[in-house]
Structure formats: structure tokens, C-alpha cells
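Engineer: A predicted structure for the sequence below; I have some questions about it.
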Amino acid sequence: MRLSSRMRLSCFLSRLAPNPVFLAGYLAWAAVAVGLWRIPPLWAPLGETGGRSVAALCMLAFIVGIMRRGSDGGSTRSLSLMVVSGLGLLALGPSGFTPVLLIVIAVAVGAVYPPRIAVPALVALNLAFLGILIVRWRSADPGFTLLVYGGFEAFALLTTVERVRAERMSRKLREVNAQLLATRELLAESARDAERLRVSRELHDVAGHGLTALALNLDLLGQEISVSERREWVVARELVSKLLSELRSVVANLRRHDGIDVREALRRIAEAFPAPQIHLNLHESVRIDGAERAAAIVRAGQEGLTNAVRHANARNVWLSLSRERETLRLEVRDDGIFRGAHVVGHGLRGMRERVELLGGCVETDTALEGGFRLRVTLPTGPQS
């Protein structure tokens, strides 16, 4: 399936849209830029022209780091770019505006790394700032200056760490709740499927055989001319034939609905993720024989959605489930960031093992939208 030009444009514009988390960073950067333009620091020994050029380059590098930080999920390279350009701006000369960028860096560090890494990184950053205060700024009281800005950085870091922790716990609760709801739907659908199978067998084996025996006995009685000409016998034979026909129709209809419908379970899982936007394409005729196969498909869909939400930083995720003859096909793809070096974790490894035990296979590659694609194929019937 080729990606339409309209969808490509939509994916491109969605990546350009600013993440609300980083909107404050953009505003802080703009405030520093205006402050440097109106009240520039002492550019010596670069001079005004050289100083402004270096400041412009550092400001450009810093905003690129913020944008990449917001689009690729927070890579170390983007943070390094922000740190280097921020320290470069501080080294240009004394300014009351450039230290604000350290607070933005603190927010970015807290959003990416756990406290055991974020705190030492922030301490190292402030030690570098202290050196700049002493050597370059020749501050009369560098300790006090460091204390003031360090307090704001610590506040920003702690606030970000708590926000990330709360978001992580909320996401885990939503995922567990969705898994429980999906399991409940699977159990209910499995029970309905078992009941349909039991009823169809009872109708066929008991009522069907009884009506067939009754029809045979009526046929034997109909061999006598005195009986076959009676109106009561004709009505009874017609009723038996009609009942047999309707019974076969009911059994056939029950058999057509054999198998477990996993669409509601997949919808339950998709509802657990408020973002990104999840697009479901679940074919109505897909029914799966056996609870184990149904569970494998549902867990594969859950793993694909979870990976897209946690690691791809996607705006859109597409999940489709279809059936081609005797093969089930599940595909999950997103428009996030994927560079062809996906690390197989425990979830994906366990899913692959489960699917392969049932005779299926799992494939991963790059989606047309630029993100990650997971494809699962599974035979519909039991293996011989």
C-alpha cells in the first residue's frame, strides 16, 4: 500500500507542530534572544560583530537541540547540542538572560534521564557555569549567582522528574486496566463461542437425529395407501421437513459464527492510550479458532501499540487485522522515528516466541510513514 501525498503532508506537518511540553522552552529561548538583542553582553575580545555572529550560531544550535529533543524523544545528541551551545552563550560575557537557558536544559535532562543520572549531570553543568562566572564573567560573588540560578534549575528538575514519574505511573495503570478489560472480553467471547458450539452440537445430535428418525417413521407409515392419503399424515410430513430445514439453517448460522471475535478486545487496548491517535481497521469477518490464538493476536496488537507509544514518539498509529483464506494478518505501524536499528526487548521476544509456537511469524521493518512496522501472520486453524 502506497502512502498518499496527502497523508505524507499530514505526517510532515504533525512533526512540525510543537509538543506542548516544549512550548515553555521555545518561549524561554525567544525571551533570551530578545534580551541579547536589546542588552547584549560584553563581546570582548570578539567585538560586537563577531560576538553577535557567535551568539546567533549558539542560539540557532540551541533551538535545533530543542526541536530535535521534542521530535526524537530526547536523544543524548540533542541534549549535548543544547549544553554546548548554552555554555557557549554563557562564555560570551556577562548577561542576565543567558543563564535562563540552563533552566531549559534542566527540564530536558529531567525528562530524559532518571534522577541518579540527571542530578550529577546538572551538578557538572553548574560547575562549568561556576568556572565561567569566575574566569569569564569575573563575578564579584559567583557563589551567590550560582545559588540563585541553581535553585531555579533544581526546582525545574524536580518538577519535571515528578511529572515524568506521574505520567509513567498513569500510563502503566492505563495499560494494566486495558489488559484486564481485553482479557475479560477474550474470556467472555471464548465462553460465548463455546456455548454456540455446544448448542449447535446439541441441536444437531439430539433434535436433528430425533426429527430424522421421525421423518423415517412417517415415510414407513406413508407406504400404506390408507395412511398416505390422510390429511393428517401429509401435514405431519410437511412439518417434519420444515423443522429439519429450519434446524439445519440454525446450526449453519451458529457454525458461521464459530471462533472468537477479538475486535472488542483490541478496541479496549487502543482506548487506553490517549495519545497518539490510533486508527483501527478491523475486518468484520475475522474470527479466530482457539483462545490461545486469539490471545496471541491481542497480545501482539498490545505490544505493537505499546512500543509505538513508548519509543517511537509517534503522532499516529495504524492497527489493522484481516484474514486471507487460512491466514490471519495483524499489522501495527506508526509515523514516529525509526532508523532501522530496533532493539528487541522482552515484550517483542516473548510475542515472537508465542506466535512461532502457533505456526506463525513476526516481521519488523520501517513503515511507509517513516516509523516502525510490526507484522504478524498466524494460521487460522490448528496445526497438524
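Structural biologist: That came through, no problem.
Engineer: The stretch 251-384 of the chain: strands as residue ranges?
Structural biologist: Counting by DSSP state E, counting those that start in this stretch, the stretch 251-384 of the chain has strands at residues 277-282, 316-324, 327-334, 361-366, 372-379.
Engineer: Packing partners of the third one?
Structural biologist: I take that to be strand 327-334. On a contact count with 3 or more Cβ pairs under 8 Å, 6 or more residues apart in numbering; DSSP states H and E, strand 327-334 meets helix 291-311, strand 316-324, strand 372-379. To be clear about C-beta, it is placed using only N, CA and C from the backbone, and glycine gets the same treatment.
Engineer: isn't residue 327 right next to residue 380, touching?
Structural biologist: Yes. The pair residue 327 and residue 380 passes the contact test of Cβ atoms under 8 Å, sitting 6.8 Å apart.
Engineer: Comparing these two, which residue is more hemmed in?
Structural biologist: residue 380 (17 against 12; other Cβ atoms under 10 Å).
Engineer: thought the more buried one was touching residue 328?
Structural biologist: Yes. Using Cβ under 8 Å, residue 380 is in contact with residue 328, at 5.8 Å.
Engineer: Pull up the overlap in contacts between these two.
Structural biologist: Contact criterion Cβ atoms under 8 Å, 6 or more residues apart in numbering; residues shared by residue 380 and residue 328: 288, 293.
Engineer: what's the most buried one of the helices and strands packed on strand 327-334?
Structural biologist: helix 291-311 (a mean of 22; mean count of other Cβ atoms under 10 Å).
Engineer: what's the angle from it to strand 277-282?
Structural biologist: On the basis of axes from the mean of the first three to the mean of the last three Cα atoms, to 10 degrees, helix 291-311 is oriented at 160 degrees to strand 277-282.
Engineer: Would you tell me what helix or strand residue 192 is located in?
Structural biologist: If you go by DSSP states H and E, residue 192 is part of helix 142-202.
Engineer: tell me what the next helix or strand after that helix is packed against?
Structural biologist: Following helix 142-202 in sequence order, the next helix or strand is helix 209-221 (DSSP H and E). Packed against helix 209-221, as judged by 3+ Cβ pairs under 8 Å, 6+ apart, are the following elements: helix 231-256.
Engineer: Lowest mean pLDDT among the helices and strands, pick that one out for this protein.
Structural biologist: None of the helices or strands of the chain scores lower by mean pLDDT, DSSP states H and E than helix 5-16, at a mean of 47.
Engineer: Which SSE is immediately downstream of that helix?
Structural biologist: helix 23-38.
Engineer: Could you name the helices and strands sitting against that next one?
Structural biologist: helix 47-71, helix 100-112.
Engineer: Could you export whatever helix or strand comes next after the shortest one as PDB, CA atoms only?
Structural biologist: Reading on from helix 100-112 to the C-terminus, the next helix or strand found by DSSP H and E is helix 115-135. As requested, C-alpha coordinates have been extracted for helix 115-135 and formatted as PDB (Å, rounded to 0.1, in the frame of the first residue of the first chain):
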ATOM      1  CA  PRO A 115      17.400  11.200  39.000                       C
ATOM      2  CA  ARG A 116      20.500   9.200  39.600                       C
ATOM      3  CA  ILE A 117      21.900  10.400  36.200                       C
ATOM      4  CA  ALA A 118      20.100  13.800  36.000                       C
ATOM      5  CA  VAL A 119      21.400  15.200  39.300                       C
ATOM      6  CA  PRO A 120      25.100  14.500  38.600                       C
ATOM      7  CA  ALA A 121      24.700  15.800  35.100                       C
ATOM      8  CA  LEU A 122      23.200  19.100  36.400                       C
ATOM      9  CA  VAL A 123      25.900  19.400  39.100                       C
ATOM     10  CA  ALA A 124      28.600  19.100  36.300                       C
ATOM     11  CA  LEU A 125      26.800  21.700  34.200                       C
ATOM     12  CA  ASN A 126      26.700  24.100  37.100                       C
ATOM     13  CA  LEU A 127      30.400  23.500  37.900                       C
ATOM     14  CA  ALA A 128      31.100  24.500  34.300                       C
ATOM     15  CA  PHE A 129      28.900  27.600  34.800                       C
ATOM     16  CA  LEU A 130      30.800  28.400  38.000                       C
ATOM     17  CA  GLY A 131      34.100  28.300  36.100                       C
ATOM     18  CA  ILE A 132      32.600  30.700  33.500                       C
ATOM     19  CA  LEU A 133      31.500  33.000  36.300                       C
ATOM     20  CA  ILE A 134      35.000  33.200  37.800                       C
ATOM     21  CA  VAL A 135      37.100  33.200  34.600                       C
END
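Engineer: how far off helix 100-112 does helix 115-135 point, in degrees?
Structural biologist: 170 degrees.
Engineer: now for helix 115-135, which elements pack on it?
Structural biologist: helix 76-91, helix 100-112, helix 142-202.
Engineer: returning to that earlier point: what's the closest of the helices and strands packed on helix 23-38 to residue 90?
Structural biologist: helix 100-112 (8.0 Å; Cβ to Cβ).
Engineer: quick revisit: helices and strands around the helix holding residue 192, which ones?
Structural biologist: If you count contacts as 3+ Cβ pairs under 8 Å, 6+ apart, helix 142-202 packs onto helix 100-112, helix 115-135, helix 231-256, helix 263-271, helix 291-311.
Engineer: Residue 149: which of the ones you listed is closest?
Structural biologist: In terms of Cβ to Cβ, the element of the helices and strands packed on helix 142-202 nearest to residue 149 is helix 100-112, at 6.0 Å.
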